[in-house]
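S.K.: Here is the input, now give the coordinates:
(one chain, ligands or ions: 2)
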Amino acid sequence: MSIVCADDYRSRARGLLPAPLWDFIEGGSGDELTVDANRLAFDRISLRPRVLVDVSERSTATSVFGAALASPIGIAPTAYQRMLHPEGEVATARGAGQAGGLFVVSIFASRTLEEIAAAATGPLWLQLYWLRQRSALSRLVARAETAGYQALVLTVDAPVIGKRLRDLRNGFAIDAGVRAVNLDDALTEGKHISTPGTSAIATHAAATFDTSITWADLSWLRSTTALPLVLKGILTAEDAELAVAHGVDGIIVSNHGGRQLDGAIPAMRALPEVVAAVAGRVPVLLDGGVRRGRDILIALASGADAVLIGRPALWALTVDGSDGVAHLLSMLTEELSHTMALTGRPKLADLDPTVLA
Ligand SMILES: Cc1cc2nc3c(=O)[nH]c(=O)nc-3n(C[C@H](O)[C@H](O)[C@H](O)COP(=O)(O)O)c2cc1C
Ligand SMILES: CCCCC(=O)C(=O)O
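M.R.: Ligands and ions are numbered 1, 2, ... in the order given. This is a model prediction of the structure:
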């Protein structure tokens, strides 16, 4: 059967992966309320199409921090991609580049920052968690700069890892042979050890994440680099205001795909208040539940500058490596353009709240 939408990759990937690995990707925290709510928030919004508009020429091209993108779609940071495909993040970078998309590389990438950069033809950003060992962070930042990464993303919604019941039940651990190669092994110790009732991810994060950081610490990270700094995991107007006040260069509205605070507001529902608070001062991106061109159009019409996709990129990577990732991004871009035609909004600049109901 042909793959004609992102969910087709989901069904294929599910058949290819062992159950505990599938659960790690698919699952969220607690009752998975927020996983479901992320998607439902899009589904609850209807569209107000305008007709008899010339839609013969449509463009999805845009840019973020000066980097050209074929469409306002990027790949969210996800850890340990070699569990899904032998080439891991190198395949994702190649696929994203082929489709003209952005790729945000996780601090827990399983290929080196330099290997990923060598395969990339599109912009790369590096995502960080705040490790207690600051020297490890500053070394990573220096390497990212040298390798041509264009921004840093600090994930701020994970001082502790959410209680992901599937992983706890499965005693989830990282496959032997897959490592967070950009960090000393000591910083992810125990990642291969499966202990019933615990998650190896949660265990290694608990050993190394700094749970004490506050807004005041951001200045240290800024002092290590001239790269733009983006915060990932903002869900309120209050925190968006603080982020801008602390000189942050961009915001990703995200609840970590429902993997952190269960019951957190869906990303799409949080977006309008963040956009209003930011008032155009810095770019605002969104992730969580984006599965269709329709979802992307809704996010852009609500004021997002771009969206990131998490799980769908992992499904496509599992099924068909770099070709899968490139195909997925091209398909989402085509769906966005198609929805722009059917709503009578041929340009990204036409996407505003008047298209939403
Ligand atoms: C398997 C998996 C691993 C992830 N690893 C990271 C990570 O290393 N860093 C991070 O900031 N977010 C991580 N995330 C969260 C994603 O960046 C993103 O916020 C989320 O997947 C978006 O929701 P979606 O999957 O519904 O598109 C991970 C998500 C998944 C599914
Ligand atoms: C300690 C690794 C965390 C990866 C992550 O962010 C996720 O699984 O959601």
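S.K.: Not counting the strand or helix carrying residue 20 itself, show me its contacts.
M.R.: For residue 20, the host element (DSSP states H and E) is helix 19-26. With Cβ atoms under 8 Å, 6 or more residues apart in numbering as the test, helix 19-26 has contacts from 13-14, 17, 83-84, 164, 166-167, 170-172, 175, 201, 311, 314-315. No exception for glycine: its C-beta is placed from N, CA and C like everyone else's.
S.K.: from those residues, which ones fall inside helices?
M.R.: With DSSP state H as the criterion, helices contain 13, 14, 166, 167, 170, 201, 311, 314, 315 from among the contacts of helix 19-26.
S.K.: circling back to that earlier point, filter the contacts of helix 19-26 down to the buried ones.
M.R.: Listed as buried from those are 13, 17, 83-84, 164, 166-167, 170, 172, 201, 311, 314-315; burial here means 16 or more other Cβ atoms under 10 Å.
S.K.: Which of these sits closest to residue 112?
M.R.: Using Cβ to Cβ, residue 83 comes nearest to residue 112 of the buried ones among the contacts of helix 19-26, at 16.6 Å.
S.K.: so the closest one touches residue 173, yeah?
M.R.: No: with contact defined as Cβ atoms under 8 Å, residue 83 does not reach residue 173; the gap is 10.4 Å.
S.K.: picking up where we left off before, farthest-separated two in the contacts of helix 19-26?
M.R.: The farthest-apart pair in these, when distances are taken by Cβ to Cβ, is 171 and 315, at 23.8 Å.
S.K.: okay, which residue is most central for the chain?
M.R.: Closest residue to the average C-alpha location of the chain: residue 76 at 2.0 Å, with Cα atoms, centre = their mean.
S.K.: What pLDDT is listed against residue 179?
M.R.: Here, the pLDDT recorded for residue 179 equals 98.
S.K.: farthest residue from the center of this structure?
M.R.: Within the chain, the residue lying farthest from the chain centre (Cα atoms, centre = their mean) is residue 52, at 36.2 Å.
S.K.: Indicate whether whatever helix or strand residue 152 lives in makes contact with ligand 1.
M.R.: Per DSSP H and E, residue 152 falls inside strand 151-155. Yes: on the criterion Cβ under 6 Å from any ligand atom, strand 151-155 is in touch with ligand 1 at residue 155.
S.K.: leaving aside the residues next to it on the chain, what's closest to whatever residue of the stretch 201-350 of the chain ends up closest to ligand 1?
M.R.: For the stretch 201-350 of the chain, the residue closest to ligand 1 is residue 310, as judged by Cβ to the nearest ligand atom, at 2.1 Å. Using Cβ to Cβ, 6 or more residues apart in numbering and skipping residues adjacent in sequence, the residue nearest residue 310 is residue 76, 4.0 Å away.
S.K.: Next, give phi and psi for the one you found.
M.R.: phi -70, psi 160 (degrees, to the nearest 10).
S.K.: Let me know the average pLDDT across the helix holding residue 20.
M.R.: In the prediction, helix 19-26 has an average pLDDT of 98.
S.K.: quick one: is it near ligand 1?
M.R.: Yes: using Cβ under 6 Å from any ligand atom, helix 19-26 reaches ligand 1 at 24, 25.
S.K.: So which bits of that helix are buried?
M.R.: Buried-residue list, helix 19-26, by 16+ other Cβ under 10 Å: 21, 22, 23, 24, 25, 26.
S.K.: for those, which one is nearest residue 118?
M.R.: Distances from residue 118 to these, taken by Cβ to Cβ, are shortest for residue 25, at 26.3 Å.
S.K.: separation between that closest one and ligand 2?
M.R.: For residue 25, the distance to ligand 2 equals 9 Å [Cβ to the nearest ligand atom, to the nearest Å].
S.K.: just to revisit the earlier point, which of the ones in helices among the contacts of helix 19-26 are close to ligand 2?
M.R.: Among the ones in helices among the contacts of helix 19-26, proximity to ligand 2 is found for residue 201 (Cβ under 6 Å from any ligand atom).
S.K.: For residue 294, what is the enclosing helix or strand?
M.R.: Residue 294 belongs to helix 293-301 when assigned by DSSP H and E.
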